[in-house]
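*Asks:* Can you look at this prediction? I've put the sequence above it.
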Amino acid sequence: MLEQYFYIEPETARELLRQVQSMTPQSRGIDRRAFLIGGYAVLATERLKLRNVDVRDDGLEHLNAVIRTLAELHARGVRAVPLLGWCCEEDSPDGRGYLFAQRAKGSELYDDAAICPLEVWTQGRGEVYLRSDLDAGEYILARTAAIADVPQEHFDRFIADILAVLERDILIDFHGKSNFFYDEREGFQLIDLDAHTDWYYGLTRERIDSREAAALGGFVPCHFAEGTQAFAAVALAERAMLALDAAERRRLARDNLRIFEKCRLAMLRCGIGEAAVAAALRRLRIFGREE
Ligand SMILES: Nc1ncnc2c1ncn2[C@@H]1O[C@H](COP(=O)(O)OP(=O)(O)O)[C@@H](O)[C@H]1O
Ligand SMILES: [Mg+2]
């Protein structure tokens, strides 16, 4: 077993691993299962040696660089949840192992497992890898109303933090609304940060413009309407939304627009210009917003 424990005692990490063996994961993403123990999140993965889906990182040097950068950002007060270390089975081809992270405070901005039955990408699919016991309609109504009440200052810091992370060429997966957490005291936090951008790895010539990317991704607290150009797969599917009655859909739209306005104001306050926001909005359809 290869081990690299930057910001966690090896004994603590090994004790967490012992506990994980007899636990069932609290949540899962595309390829990771999360075990939450005290202030830690232990993430089991089969693909520790792959960055950004298919960039090989056999020596895990890129991962180590991400971990150091996240620690620097965190020390500056950026709400990027730090990774503490990792362990990996040496001869597993793609890296079977575990990532250790600080546990994010609060809960997912939106639980993807709960809302995915309403999203475009799950329509007509019998079996979806994310499952939840929550009722999608009830959940989205309650959670959207709660996020709409989040103070503007937390939105402002969220956008500032997104910019700070992007400036360091760390990739943020805005498709997953579960890659963001919200806590009343802590505000928004970013998780699922374990890779750099394509440009950093030499796969594209153009470096991402942080402000353009933040102008698009910073609307992640909003729900998108079917037909949106960016984030098309995670838009709310019109057919699925018939699970809500007309009054509920209106309420969702109203709350979503309150979130939209807070996101937009935060962008302007963070120096993302009107033009960049307008350009992003040409690629986005916001649920409930008239064209
Ligand atoms: N640091 C953390 N604190 C709390 N929960 C976490 C943390 N990291 C992951 N999780 C939970 O596990 C889920 C999947 O983890 P994630 O890192 O997003 O993996 P994936 O790449 O599979 O999406 C998250 O959406 C979240 O619910
Ligand atoms: Mg994720």
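*Replies:* Received it, and whenever you're ready, just let me know what you need. Ligands and ions are numbered 1, 2, ... in the order given.

*Asks:* Quick one: list the elements packing against the helix or strand Val277 falls within.
*Replies:* Using DSSP states H and E, Val277 maps to helix 274-282. On a contact count with 3 or more Cβ pairs under 8 Å, 6 or more residues apart in numbering; DSSP states H and E, helix 274-282 meets helix 210-217, helix 246-269. No exception for glycine: its C-beta is placed from N, CA and C like everyone else's.

*Asks:* Tell me, how many residues neighbour the residue of the stretch 1-150 of the chain at minimum distance from ligand 1?
*Replies:* Using Cβ to the nearest ligand atom, Gly29 is the residue of the stretch 1-150 of the chain that sits closest to ligand 1, at 2.2 Å. Per other Cβ atoms under 10 Å, the neighbour tally for Gly29 reads 19.

*Asks:* and it, what does it touch?
*Replies:* 112, 176, 178, 192 (Cβ atoms under 8 Å, 6 or more residues apart in numbering).

*Asks:* So, low pLDDT: which residues of the chain?
*Replies:* Residue ranges of the chain with pLDDT under 70: 291.

*Asks:* in the stretch 51-200 of the chain, which spans are strands?
*Replies:* With strands called from DSSP state E, counting those that start in this stretch, the stretch 51-200 of the chain shows them at 55-56, 83-88, 97-102, 107-108, 180-183, 187-190.

*Asks:* Which one, of these, ends up nearest to Arg285?
*Replies:* Of all those, strand 180-183 sits nearest to Arg285, with 20.4 Å by Cβ to Cβ.

*Asks:* partners of that closest one in the sheet?
*Replies:* Taking DSSP bridges as the criterion, strand 180-183 sits next to strand 107-108 (antiparallel), strand 187-190 (antiparallel) in its sheet.

*Asks:* Would you reformat the ones you listed as a markdown table and include mean neighbour count?
*Replies:* Below are the strands paired with strand 180-183 laid out as a markdown table (neighbours: other Cβ atoms under 10 Å):
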| stretch | mean neighbour count |
| --- | --- |
| strand 107-108 | 17 |
| strand 187-190 | 22 |
